[in-house]
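Trainee: Okay, structure incoming, though there's no sequence with it:
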């Protein structure tokens, strides 16, 4: 059994990144303040947000980050968490009302709200959340960072490595926020039709399957950076690459399937709500005639 100092060592940052600590810590403080202010999003939403936040921190600011830089399949698992699992949990938690309630009123009303409503910010957001752009960016970032020459440079440069992880985390949250919005399209908010979201989720699954299968069945060592730097425990390059390709292939595609199931549940709930509203208004309309 690991000793307490060993556990603390595993949880301590391999290379401390102040921006990650600031963002994750700031989000946690705002969320807790929002809960204390009386916002009640539901127990499972609280748990989903806290777990998603903890997972993002764990794969970037603990000893795990060390192994992610020296073992390919650990790196792919890191991106699976950042781009898929943690992002899905945070999107499902829908934490914006709680985070907004946790902000100081002056900051929220004088800075954040006017900034969010600014036309350039809205234009950028709507462009990034246009379904074809969102899907292309989601898949394109995976492919881009796995181009062997670019991946080689990213794993040797701390700045590029941080940019890679930040881009995966931010894009993951944006994509799944768009896909898993429980609201139907309507006035006063930007949302996409449920059918379009299902198509978008299906569209991003196939390229990930192709890329993962290519890595799994490759005849050569594609990512030689891990041989150059040396792996922290005995594992062959082919085994490492096969497991990493499988993580790019199977769990990523399954996340799209899970997303479609969730969207269909939202769609069904919306249709039932619409039928209920029509049923309630029908007697009143009949009586008025």
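Mentor: Good, I have the coordinates. No experiment lies behind these values; they were computed from the predicted model shown.
Trainee: mind listing what the nearest residue to residue 198 once chain neighbours are set aside touches?
Mentor: Computed as CB to CB, 6 or more residues apart in numbering, the closest residue to residue 198 that is not its neighbour in sequence is residue 260, at 5.2 Å. The C-beta positions use only the backbone N, C-alpha and C, and glycine is treated the same way. Residue 260 is in contact with 198, 201-202, counting by CB atoms under 8 Å, 6 or more residues apart in numbering.
Trainee: ok, so of those residues, who is nearest residue 22?
Mentor: Using CB to CB, residue 201 comes nearest to residue 22 of the contacts of residue 260, at 32.0 Å.
Trainee: Checking my notes, the closest one in a helix, right?
Mentor: Yes - according to DSSP: H, G, I helix; E, B strand; the rest coil, residue 201 belongs to a helix.
Trainee: What strand or helix carries the residue nearest to residue 198?
Mentor: Element membership of residue 260 [criterion: DSSP states H and E] is helix 237-288.
Trainee: Just the mean pLDDT for that helix, thanks.
Mentor: The pLDDT scores in helix 237-288 average 83.
Trainee: Please apply the same query to stretch 118-136.
Mentor: Here the average pLDDT along stretch 118-136 is 93.
Trainee: For that stretch, list every residue counted as buried.
Mentor: Buried residues in stretch 118-136, defined by neighbour count with 16 or more other CB atoms under 10 Å: 129, 131, 134-135.
Trainee: do stretch 196-210 as well
Mentor: For stretch 196-210, the neighbour count (16+ other CB under 10 Å) marks 197-198, 200-201, 203-205, 207-208 as buried.
Trainee: contact partners of that stretch?
Mentor: For stretch 196-210, contacts defined as CB under 8 Å, 6+ apart pick out 131, 134-135, 138-139, 142-143, 175, 178-179, 192, 248-249, 252-253, 256-257, 259-260, 263-264.
Trainee: May I see the buried residues of stretch 211-224?
Mentor: For stretch 211-224, by 16+ other CB under 10 Å, it's 211-212, 215-216, 221-223.
Trainee: just these now: which is nearest residue 244?
Mentor: residue 215 (6.4 Å).
Trainee: mean confidence for the helix or strand harbouring the closest one?
Mentor: Here residue 215 sits within helix 194-216, counting by DSSP H and E. The average pLDDT for helix 194-216 rounds to 95.
Trainee: Any figure for the gap between residue 184 and residue 97?
Mentor: Distance from residue 184 to residue 97, counting by CB to CB, to the nearest Å: 18 Å.
Trainee: Pick out whichever of these two has more residues nearby.
Mentor: Between residue 184 and residue 97, counting by other CB atoms under 10 Å, residue 184 is the more crowded of the two (17 against 12).
Trainee: Around the closest residue in space to the more buried one that isn't next to it in sequence, how many other residues sit close by?
Mentor: Among residues not flanking residue 184 along the chain, residue 270 sits closest, at 4.8 Å (CB to CB, 6+ apart). Neighbour count of residue 270, defined by other CB under 10 Å: 14.
Trainee: And the residue most central in space within the chain, which helix or strand is it part of?
Mentor: Nearest to the geometric centre of the chain sits residue 87, at 2.3 Å (CA atoms, centre = their mean). Here residue 87 sits within helix 86-93, counting by DSSP H and E.
Trainee: List the buried residues of that helix.
Mentor: Across helix 86-93, burial judged by 16+ other CB under 10 Å covers 86-93.
Trainee: quick revisit: from the buried residues of stretch 211-224, which is closest to residue 55?
Mentor: Distances from residue 55 to the buried residues of stretch 211-224, taken as CB to CB, are shortest for residue 212 (21.0 Å).
Trainee: give me the number of residues near the nearest residue to the closest one once chain neighbours are set aside?
Mentor: In space, not counting the residues next to it along the chain, residue 212 is nearest to residue 249; the distance is 2.4 Å by CB to CB, 6+ apart. When neighbours are defined as other CB under 10 Å, residue 249 has 20 of them.
Trainee: what's the answer for residue 29, then?
Mentor: If you count neighbours by other CB under 10 Å, residue 29 ends up with 12.
Trainee: again with residue 140
Mentor: When neighbours are counted by other CB under 10 Å, residue 140 registers 14.
Trainee: Name the SS class of it, please.
Mentor: Assigned with three-state DSSP, residue 140 falls in the helix class.
Trainee: Model confidence for it, exactly?
Mentor: In this model, residue 140 is scored at 97, pLDDT.
Trainee: What's the separation between residue 124 and residue 174?
Mentor: Distance, residue 124 to residue 174, by CB to CB: 11 Å.
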